[in-house]
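**Student:** prediction below, plus the sequence it came from.
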Amino acid sequence: RMKLGKVLVLLLIVATPFLFASESESAGPKPVTLRMMSWQNPATTEAVEEINNRFMEKYPHITVEFTISPSDVYNDQERPARVQAEDVDIWADQGFAFKVQEYHTGVELAQQYQFIEAGLVEPLDGNAFMDRYEAGAVKSAMTYNGKIYGVCVGSVVFSGVFYNKTLFAELGIEVPRTYDALLDVCETIKASGVAPFTAAGGAGWPIGMMIHSFIGPNYGDSQAFEKELWTGGAGWANPKILKAYERYQNLLLNYYEEGFQSLDYNPHIGRFVNGYAAMLPDGVWQATAIANTIADSSSNIEFGYMPFPTGDTAADNAAYWGKFDLMWQVHAMSENKEEAILWLDFFSEKENYQYFIEKVGWIPTQPDAQVTDPVIKEILAMPIKEAFERVHVNREGQGQYAGAPADRMAPMGEVETAAELLQLAKADWDAVA
C-alpha cells in the first residue's frame, strides 16, 4: 500500500504541469486592452471604429479602447497629458512638419519632436507594413533624424472652399478665379439674401487656418517666407503679407454670415448644407461629412470644392496648399507594443486601407490605393504645395502675437485691423530674435 501511494503521488506531481499547460492553452492569449486616441472628425472616427471592429473580430483577445476629443482640446490638453503620463498605446498626430532648417536658431521644437527626444515614441523601422507606403511620403512625413516614428495615412488640402453648385447655377455664377471675381460673386450672393460664407468661428483654429489660403497665393513659396522671417527680412512687415491679411479681414467683416464666431466645428457644415451660406472655406476632409449630411437631410444641393481665389490672377490661384494629415504613433513605454504594431499592420492591409481612404476622402499615401472620390480627383489635377502653417517654426519664448494669428483680428478677436495685428506680430517676433 505504501509503495502504491508513493507511485500515485509521483504520477500526480509529474502530470500537474501538463494539466495546467493544457488549461492555459485552452484559455487562449491573455486579454489586452489597446488604448487609442485621436481628434474628433466624423468620417475619420467612423472609419477607424469600423477597422477596430474588424481587428477585434480577428483578434478577440484584444479590446480596442478608442477615445476622441475636439481638435483644440486634443492638441492642447488630451494628447500631451496622456502621452506624458504613459496612458495611451497608439495616438494620432499629423505627418511631420515644422522641420528645422540651417537658418533656424534658438528654436522651440514642435511637440511631436519633443516626444521623440524624450524617448516616448517607438521607432517603426524594419516593420514590413511600412513598405506599403510611398517612399517619398515615408521620408517627408514619417521620418525624424533618420528613423521612422509613425504611419502617416494620408494628405489633405485646406486652402479650398466648398461651394453650393446648385445655388451658383441658379444665380448664373461661374467659379471665380481671382480675388476681384470673388468679390463680385459675394455681392451677387449677398443680394440674393444668402450669406456668402460661413465658418466655425467658435473653435477659433479654423479661422486661423484659412489665412494660409491667402499667404500662399499672395506671397508664393512658403519656405522663402519662412527664411525671410528668420534671417532679418521684412517678414510680417512685407506688403504682400499685409495684402493677404487685409483681404481675409475684408471677407470676414463683410461676407461671412452674422454670428459665425459662435459656430462649433463639425455642426457648422449644416449651415452650408441647409443653404444659409453659399460657401464654406475648410479642409477637404469635410467632403465626406458634407455628403453624409446632405444624404441625411432634406437638402438636395450639389457641391464642389475650388481653390480659394485670394490672389490677383488665375495663375496665382492655380494650386492648393496642404499638409500630411493623420499619423499613428506608438508609445515607446507601452506594455502593449506588440499589439499596437499588430494593429498598424492590420490597418495597413490593402482592403482596410482602401476602405479608410475612401471613407475619409483623403489623398492616399499608399501608392496602390485607388482614388475614387471625385473631389480628390479634381484636386489631384492641380499642383499641391506645402502650406506655410506646416513650415513655420516658432522661436523659443515668443509672444502671443509672434505667429500673426488671424483669429485674433476683428471680427474674431481683439485686434482691430490687419495692419495692427502684423505690427504686433513683428514686435513679438523681433523681441526674441
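**Tutor:** Done, it's in. Not measured: the values here are computed from a predicted model.
**Student:** quick one: contacts for the residue nearest the centre of the chain?
**Tutor:** The centroid of the chain falls nearest to Asp325 when counting by Cα atoms, centre = their mean (4.2 Å). Neighbour list for Asp325: 94-95, 152-156, 285, 362 [criterion: Cβ atoms under 8 Å, 6 or more residues apart in numbering]. For every residue, glycine as well, the C-beta is placed using N, CA and C.
**Student:** for Asp345, state which of those residues is nearest.
**Tutor:** Among the contacts of Asp325, Val153 lies closest to Asp345 (Cβ to Cβ), at 13.2 Å.
**Student:** what bridges to the closest residue to that closest one other than its chain neighbours?
**Tutor:** Spatial nearest neighbour of Val153, excluding adjacent residues (Cβ to Cβ, 6 or more residues apart in numbering): Leu326 at 5.5 Å. According to DSSP bridges, the residues that bridge with Leu326 are Gln94.
**Student:** I figured Leu326 hits Ser155, correct?
**Tutor:** No: contact criterion Cβ atoms under 8 Å: Leu326 and Ser155 do not qualify, at 9.7 Å.
**Student:** from Gln94, how far out is the closest residue to the residue nearest to the centre of the chain other than its chain neighbours?
**Tutor:** What sits nearest to Asp325 in space, not counting adjacent residues and going by Cβ to Cβ, 6+ apart, is Val156, at 4.8 Å. Distance of Val156 to Gln94, given as Cβ to Cβ, to the nearest Å: 10 Å.
**Student:** on that earlier part again, got any residues that touch both of Leu326 and Ser155?
**Tutor:** Common neighbours of Leu326 and Ser155 (Cβ under 8 Å, 6+ apart) are Gly95.
**Student:** related to what we said a few turns ago, from Pro364, how far off is the residue nearest to the centre of the chain?
**Tutor:** Distance from Asp325 to Pro364, by Cβ to Cβ: 11 Å.
**Student:** need the overlap of contacts for the two.
**Tutor:** Gly154.
**Student:** contact partners for the residue nearest to Val153?
**Tutor:** Per Cβ under 8 Å, 6+ apart, neighbours of Leu326: 38, 44, 92-95, 152-154.
**Student:** and the strands in the stretch 1-150 of the chain, which stretches?
**Tutor:** 32-39, 62-69, 90-94, 143-144, 147-148 (DSSP state E, counting those that start in this stretch).
**Student:** which residues are contacting the fourth one?
**Tutor:** Surrounding strand 143-144, the residues in contact under the criterion Cβ under 8 Å, 6+ apart are 96, 113, 116, 149.
**Student:** next up, the contacts around the first one.
**Tutor:** Listed by Cβ under 8 Å, 6+ apart, the contact partners of Phe96 are 112-113, 140-144, 149-150, 152, 324, 327.
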